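Colleague: From the sequence below, what's the structure:
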Amino acid sequence: MNYPYILSAVLVMALVTYLPRMLPLALFRKPIRSRFIRSFLGYVPYAVLAAITFPAIFQSTASAWSAFGGLIAAMLLAYMEKGLLTVALSATAVVLIIEQIIPLFSV
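Modeller: Numbers count the residues shown, from 1 in each chain. This next block holds a predicted model:
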């Protein structure tokens, strides 16, 4: 094994993940007063979560139809302010049901 190469790769990865977290704390010492910037920064976690989650939803099932059904079920239940466990189990059940129904319609 090429241990110096592996060690340098780990150090570069550590630096790349540490810098974006450390730099804002080191550079911006005053509170942010701009309402626009504060609002923008408030929505960043939701945008990142959506960017990570939505592609995974459509790649995790055998059919796009079942993924879409599970997504709709989850969105409706979340809109009705149901709990996380209820939303996750219901969306999974919808995907399972649709996955069982789809072969019946294929020729």
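Colleague: In terms of secondary structure, what does the helix or strand harbouring Ser90 contact?
Modeller: Using DSSP states H and E, Ser90 sits in helix 84-105. Helices and strands touching helix 84-105, by 3 or more Cβ pairs under 8 Å, 6 or more residues apart in numbering; DSSP states H and E, are helix 64-79. Every C-beta, even on glycine, is put in place using the N, C-alpha and C of the backbone.
Colleague: What about the residue nearest to Phe58 when sequence neighbours are not counted, how many residues nearby?
Modeller: With Cβ to Cβ, 6 or more residues apart in numbering as the measure, Ala67 is the residue that lies nearest to Phe58, at 4.7 Å, once sequence neighbours are left out. A count of neighbours around Ala67, defined by other Cβ atoms under 10 Å, yields 21.
Colleague: which residues touch Ala67?
Modeller: Applying Cβ atoms under 8 Å, 6 or more residues apart in numbering, one finds that Ala67 lies in contact with 57-58, 60-61, 95.
Colleague: Let's see that with 10 Å instead.
Modeller: Contacts for Ala67 were tallied using Cβ atoms under 10 Å, 6 or more residues apart in numbering; they are 54, 56-61, 91, 95, 98-99.
Colleague: Ok, Leu25 next?
Modeller: Neighbour list for Leu25: empty [criterion: Cβ under 10 Å, 6+ apart].
Colleague: mind checking how far it is from Ser39?
Modeller: Per Cβ to Cβ, to the nearest Å, Leu25 is found 20 Å from Ser39.
Colleague: Likewise for Ala47?
Modeller: Shown here: Ala47 relative to Ser39, a distance of 12 Å by Cβ to Cβ.
Colleague: Where does pLDDT dip in this protein?
Modeller: The model of the chain has pLDDT under 70 over residues 1, 107.
Colleague: List only buried entries from the contacts of Ala67.
Modeller: Among the contacts of Ala67, the ones that count as buried by 16 or more other Cβ atoms under 10 Å are 57, 61, 91, 95, 98-99.
Colleague: and of those, the nearest to Leu7?
Modeller: The shortest distance between Leu7 and any of the buried ones among the contacts of Ala67, using Cβ to Cβ, involves Ile57 and amounts to 37.0 Å.
Colleague: Let me know the helix or strand that that closest one is in.
Modeller: Applying DSSP H and E, one finds Ile57 within helix 35-59.
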